[in-house]
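K.L.:
Pasting the sequence and the predicted coordinates here, then a few questions.
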Amino acid sequence: MFTHIRKSIVTLAVLMGLSTSLICLNAFAASPTGLDIMNRVDQLDDGNDQSSKAIYTLINRNNKQRIRHTVRFWKDYDGKKGFDSKMITFFESPALVKGTGFLSWSYEDDETDDDQWLYLPALKKERRIAASGKDNYFMGSDFTYDDMGDRKVDEDAHKLVKSEIYNGVDCYVVESTPKKKGMYSRRQTWVEKTKWLIQKVNYYDRKGRLLKTLNMQWQNVKGLWTWKRGEMRNHLTKHATLIDITAVRVNTGLKDRMFSVRTLKRGAKFK
């Protein structure tokens, strides 16, 4: 009899434990934390490497436009040799910027800043971007050098603030506050709930003012989600940058030597 009671008590305890676990799992599914959401975004599969073409359209407050044609190469290192990823971009036209190159190395260690170089053909010399210069804007666009790098999830504290329909898409809205002082006091990110794709980002300056808004469109290439268009608008300067991305290729086996200062000087063709 006592054995039967003990077995009943153990069975009840197990069932209660399972019920508690199921409740926790259901709670996570219903309402993940801001950190959970941003980790899911970061873990999206974007392939081993990518190459693409991009057209930068720079629009000033008078709606005057300047066009820049570029090619871009990117490789995921997934922690190998201490790197997270590497990216190199070359400007092909107009003549004023032709041959200009930008190289960025992102490290696995959250405490290590990205290494970045800009090559200017008129000077025939590369210039390393200092940490103090990463708040500067990249080639007249509305993206800073820091925006062009690979920001780690753990560099910010994340909080889920609400759910909202944006452009017909059901999104989580996550507020991210940097752990170290920088150009932005916080960011708000709209993340699509089903695909974990970023739809929109609001950037706030050190005074708490809405500085910039990034809207993103996506395309699926061989089962991988990649950028189709990025539109960054600066609300204070009334300037905007559109980046339209085409000819995306994934998993082509890009070599390490592509992402070197030597290649930055020499240039590379999109084949």
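P.N.:
Ah, there it is.

K.L.:
just the strands in the stretch 1-150 of the chain please.
P.N.:
All strands of the stretch 1-150 of the chain, identified by DSSP state E, counting those that start in this stretch, fall at 49-59, 65-76, 83-93, 101-107, 115-120, 125-128.

K.L.:
Tell me which of these lies nearest to L210.
P.N.:
Among those, strand 49-59 comes nearest to L210, with 18.6 Å by CB to CB. Just so you know, the C-beta spots here come from the backbone N, C-alpha and C atoms, and that holds for glycine as well.

K.L.:
Could you count how many residues lie near the closest residue to D147 other than its chain neighbours?
P.N.:
Among residues not flanking D147 along the chain, F138 sits closest, at 7.4 Å (CB to CB, 6 or more residues apart in numbering). Neighbours of F138 under the rule other CB atoms under 10 Å: 20.

K.L.:
got it, and the one 4 residues further on?
P.N.:
Residue neighbour count, defined by other CB under 10 Å, stands at 24 for D142.

K.L.:
Quick check, it in contact with H235.
P.N.:
No - between D142 and H235 there is no contact under CB atoms under 8 Å: 10.3 Å.

K.L.:
between the two, what contacts are shared?
P.N.:
K212 (CB atoms under 8 Å, 6 or more residues apart in numbering).

K.L.:
So, low pLDDT: which residues of this structure?
P.N.:
For the chain, the stretches flagged by pLDDT under 70 are 1-30.

K.L.:
need the helices for it, in chain order.
P.N.:
Along the chain, the stretches classed as helices by DSSP state H are 2-30, 34-42, 145-148, 261-266.

K.L.:
pretty sure I59 contacts T241?
P.N.:
Yes - between I59 and T241 there is a contact under CB under 8 Å: 7.4 Å.

K.L.:
Pick out whichever of the two has more residues nearby.
P.N.:
The neighbour comparison of I59 against T241 (other CB under 10 Å) goes to T241, with 24 against 17.

K.L.:
right, and M232 touches S141 too?
P.N.:
Yes - with contact defined as CB under 8 Å, M232 counts as touching S141 (7.4 Å).

K.L.:
shared neighbours of the two, anything?
P.N.:
With CB under 8 Å, 6+ apart, M232 and S141 have common neighbours T241.

K.L.:
List the beta-bridge partners for I59.
P.N.:
Going by DSSP bridges, I59 is paired in beta bridges with Q65, A240.

K.L.:
and it, what does it touch?
P.N.:
Contacts of I59 (CB under 8 Å, 6+ apart): 65, 239-242.

K.L.:
could you redo the last one with a cut-off of 7 Å?
P.N.:
Under the criterion of CB atoms under 7 Å, 6 or more residues apart in numbering, the contact list for I59 reads 65, 239-240.

K.L.:
count of residues packed around L58?
P.N.:
L58 has 17 neighbours, counted by other CB under 10 Å.

K.L.:
Please report how far Q219 lies from T263.
P.N.:
Distance of Q219 to T263, computed by CB to CB, to the nearest Å: 27 Å.

K.L.:
quick one: which of these two has more around it?
P.N.:
The neighbour comparison of Q219 against T263 (other CB under 10 Å) goes to T263, with 18 against 13.

K.L.:
Would you mind measuring from the more buried one to D205?
P.N.:
Per CB to CB, T263 is found 35 Å from D205.

K.L.:
what's the answer for T89, then?
P.N.:
Plainly put, T89 is 26 Å away from D205 if you go by CB to CB.

K.L.:
more neighbours, those two?
P.N.:
Taking neighbours as other CB under 10 Å, T89 and D205 compare with T89 leading, 22 against 15.

K.L.:
what is that one paired to in the beta sheet?
P.N.:
Residues in beta-bridge contact with T89 (DSSP bridges): R72, F102.

K.L.:
Go ahead and confirm it touches T70.
P.N.:
Yes - here T89 reaches T70: they are 5.5 Å apart, a contact under CB atoms under 7 Å.

K.L.:
What is the burial count for R249?
P.N.:
18.

K.L.:
List the contacts of the closest residue to it other than its chain neighbours.
P.N.:
Leaving aside its chain neighbours, R249 sits nearest to S51 (4.9 Å; criterion: CB to CB, 6+ apart). Applying CB under 7 Å, 6+ apart to S51 gives the contacts 72-73, 249, 252, 254, 270.
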